[in-house]
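1. Turn this into a model:
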Amino acid sequence: MTVLSLILTPLVLGISLAAPVGPVKLEMIKKGLAGGFWPCWLTGLGALTADLLYIISIAGGLLPIFKNPAVSAGLTVIGVYLLFKLGIKSIHSFFHKEFVLDSPNMVHSLKKSFASGFLIAFSNPFNFLFWFGIYGAALSRFPAEAELFHMALYSFFIVFGIFLWNLNVAFTVHFARRLISIRVIKTISLAAGVMLLAFSCKLAWDFISAFL
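-> Residues are numbered from 1 along each chain as shown. As a prediction, the model looks like this:
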């Protein structure tokens, strides 16, 4: 196995997987605009923790558990509710008269940021299937005689690529928020809320469609 295939390829793959704007990135941007670097980054770190658990479960052969209809249904209900709640909260902040940057209750806010990122990623059963398709396909390319160390190294750099992109988003949002007005931040929060509601509806529809 070459350095390119063990380090650069999975690193680029991780960055590519993290780059698209989805529910997690919307929540990161929203948290970052309101609270700066730490709430934004910890939201991404929470989601990354959920992704890591999914990767470990796939490697450990736990796919049947997550494919269980009851487990899948439970995760979907939680995911739909969570995205809907976050969407409504974002829209509400647009119409709220006060929009405070850097809340003084930062410790509580940081804990909530990590938890929201984790729950958004973990409560979406399609996220597990996504990882099963991407990560499972990547591991299947390894030859039968490949060492466990090589597979672990490959997996690490996928996760590290996601970590780097989330760090980039956190820094970008942190410095950009000081260059825009509160009105613009509230408008972005409104747009993020609408998109989170759309993701909530899509998750619900995808799950219902699977049984039609």
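2. In this structure, where is pLDDT below threshold?
-> 1-3, 62-67, 97-108, 136-137, 139-147, 211-212 (pLDDT under 70).
3. change it to 90
-> 1-10, 12-14, 16-23, 26, 30-36, 54-112, 123-155, 176-196, 198-200, 202-212 (pLDDT under 90).
4. Do a quick rundown of the helices in it.
-> 3, 9-18, 23-35, 37-59, 63-67, 69-95, 106-122, 125-140, 148-176, 182-209 (DSSP state H).
5. most packed of those?
-> Mean neighbours per residue, mean count of other CB atoms under 10 Å, is largest over those for helix 23-35, with a mean of 25. Quick note: C-beta positions are derived from backbone N, CA and C, even for glycine.
6. Between helix 106-122 and that helix, find me the angle.
-> Using axes from the mean of the first three to the mean of the last three CA atoms, to 10 degrees, one finds that helix 23-35 and helix 106-122 are set 170 degrees apart in direction.
7. Which strands or helices does helix 23-35 pack on?
-> helix 37-59, helix 69-95, helix 106-122, helix 148-176, helix 182-209 (3 or more CB pairs under 8 Å, 6 or more residues apart in numbering; DSSP states H and E).
8. Quick one: work out the angle between the fourth one and helix 182-209.
-> Okay, so that is helix 148-176. Using the same axes, to 10 degrees: helix 148-176 against helix 182-209 is 140 degrees.
9. Packing partners of helix 148-176?
-> Right, helix 148-176 is packed against helix 9-18, helix 23-35, helix 37-59, helix 125-140 by 3+ CB pairs under 8 Å, 6+ apart.
10. quick one: which of those helices is nearest residue 89?
-> Comparing the helices and strands packed on helix 148-176 by their distance to residue 89 (CB to CB), the top pick is helix 23-35, with 9.0 Å.
11. How far off centre is that closest one?
-> Centroid displacement of helix 23-35 relative to its chain, using CA atoms, centre = their mean, to the nearest Å, is 11 Å.
12. now do stretch 197-208
-> Using CA atoms, centre = their mean, the offset of stretch 197-208 from its chain centre is 16 Å.
13. List the contacts of it.
-> 22-23, 26, 72-73, 76, 79-80, 83-84, 87-88, 91, 124-126 (CB atoms under 8 Å, 6 or more residues apart in numbering).
14. Let's see that with 6 Å instead.
-> For stretch 197-208, the surrounding residues in contact (CB atoms under 6 Å, 6 or more residues apart in numbering) are 23, 76, 79-80, 83-84, 87.
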